[in-house]
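1. Sharing a sequence plus its predicted fold:
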Amino acid sequence: MEISALTRSVVRRNHAVICPDGYVNSVVPGWTNCRVNVIINEQMGARLGQTLITAEETGVVAGDTETAQIFFYVISGRCTAKADTQAQVLTAGQFVYIPAGHAYRLEQFEEGTQIVTFHKIYEPLKGHPQPTVIFGDAANIAGPAFLGDPALRLQVLLPEDLSFDMAVNIFTYDAGGHLPFVETHIMEHGLLYLQGQGVYMLDQEWYPVKKGDAIWMAPYCQQWFTAMGKEPAVYIYYKNVNRFPT
Ligand code: UGY
Ligand code: MN
């Protein structure tokens with residue numbers, strides 16, 4: 001029998017590891033007939049939001065982004081996503097980015113469809129038009145070797161364009177692959193493991209992590225990762241980018 005008083009989840013000043021065993025559902029207005037777990041949010045000191053949605057067949061995820069752009073990525077299952085005048089069926093690996101000030105509606109879910117979302121208050125940049133709605137598919141995005149190491153591959157899902165103040169990337173590590181150095185940087189991350197396992201170092205603490213776990217890294221939280229096991233470790237992550245460092 002598992003001991004219910006134990007968990008791998010931790011919440012620290014500048015990082016958190018959130019494992020599914022600690023989830024408590026939230027009610028989010030406009031997101032109905034689905035389970036919503038708010039994994040990262042400003043209550044913990046973050047400047048991004050990250051949620052996990054598990055939808056029933058009758059689920060509806062609808063709203064207006066207002067000030068905060070949202071990125072929806074389908075982990076598993078299927079739904080129809082509508083924004084502006086566009087509508088597309090999304091399946092695993094596909095995504096839609098909804099800019100600030102836009103209405104969206106996700107519906108017609110396959111039972112149990114799982115979606116991870118990242119949202120951030122949009123910071124406009126003079127001389128650069130606000131991004132438009134973007135539908136995409138990770139399967140069509142190249143994953144070049146990261147800093148020349150073929151064991152690490154990085155897919156950049158959103159355009160690398162100054163209009164965007166957030167990036168969402170998928171990082172794949174072959175077993176044994178690891179970040180080439182301990183990163184110490186101003187950018188913040190929200191992250192969800194899609195596959196595999198490994199060990200993350202966060203602010204000089206060491207955490208075993210695996211598929212389903214989420215991590216928050218505040219600015220300047222030192223970070224390093226090595227993949228373990230027999231299959232590649234894959235995570236999707238958010239990063240704030242392209243703005244003057246205040
Ligand atoms: O984009 C990044 O900063 C990335 N290399 N960080 C990370 O995976 N922890
Ligand atoms: Mn980083």
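-> Looks like it arrived, so ask away. Numbers count the residues shown, from 1 in each chain. Ligands and ions are numbered 1, 2, ... in the order given.

2. OK, now which residue of the protein is nearest to ligand 1?
-> Residue nearest to ligand 1 within the chain: Gln223 (4.4 Å; C-beta to the nearest ligand atom). Where C-beta positions appear, they are placed from N, C-alpha and C, glycine not excepted.

3. was I right about that residue contacting Glu205?
-> No - applying C-beta atoms under 8 Å, one finds Gln223 not in contact with Glu205, separated by 10.8 Å.

4. okay, the two: which has more neighbours?
-> Neighbour count, other C-beta atoms under 10 Å: between Gln223 and Glu205, Gln223 has more, with 19 against 12.

5. need the contact list for the more buried one.
-> For Gln223, the contacting residues are Leu179, Val182, Glu183, His189, Tyr200, Met201, Leu202, Met217, by C-beta atoms under 8 Å, 6 or more residues apart in numbering.

6. ok, now how distant is the residue nearest to Thr67 when sequence neighbours are not counted from Gly59?
-> Counting by C-beta to C-beta, 6 or more residues apart in numbering, Thr67 lies nearest to Ile121, which is 5.1 Å off, once chain neighbours are set aside. Here Ile121 is placed at a distance of 26 Å from Gly59 (C-beta to C-beta, to the nearest Å).

7. ok, these two, which is more surrounded?
-> Each of Ile121 and Gly59 has its neighbours counted (other C-beta under 10 Å); Gly59 has more, 23 against 15.

8. The helix or strand encompassing the more buried one - what's its average pLDDT?
-> Counting by DSSP states H and E, the element that carries Gly59 is strand 49-64. Strand 49-64 shows a mean pLDDT of 98.

9. Next: stretch 135-145.
-> Averaging pLDDT along stretch 135-145 yields 98.

10. End to end on that stretch, go ahead and measure it.
-> One end of stretch 135-145 to the other measures 24 Å (C-alpha to C-alpha, to the nearest Å).

11. So which bits of that stretch are buried?
-> Gly136, Ala138, Ile141 (16 or more other C-beta atoms under 10 Å).

12. For the closest residue to Gln86 other than its chain neighbours, give me its contacts.
-> Excluding the flanking residues, the one nearest Gln86 by C-beta to C-beta, 6+ apart is Val133, at 6.2 Å. Val133 makes contacts with Ala83, Asp84, Gln86, Val96, Tyr97, Ile98, Pro99, His102, as judged by C-beta under 8 Å, 6+ apart.

13. Count residues in the vicinity of the third one, would you?
-> A count of neighbours around Gln86, defined by other C-beta under 10 Å, yields 12.

14. The fifth one now?
-> Under the neighbour criterion other C-beta under 10 Å, Tyr97 is assigned a count of 25.

15. can you check the fourth one too?
-> Close neighbours of Val96, defined as other C-beta under 10 Å, add up to 23.
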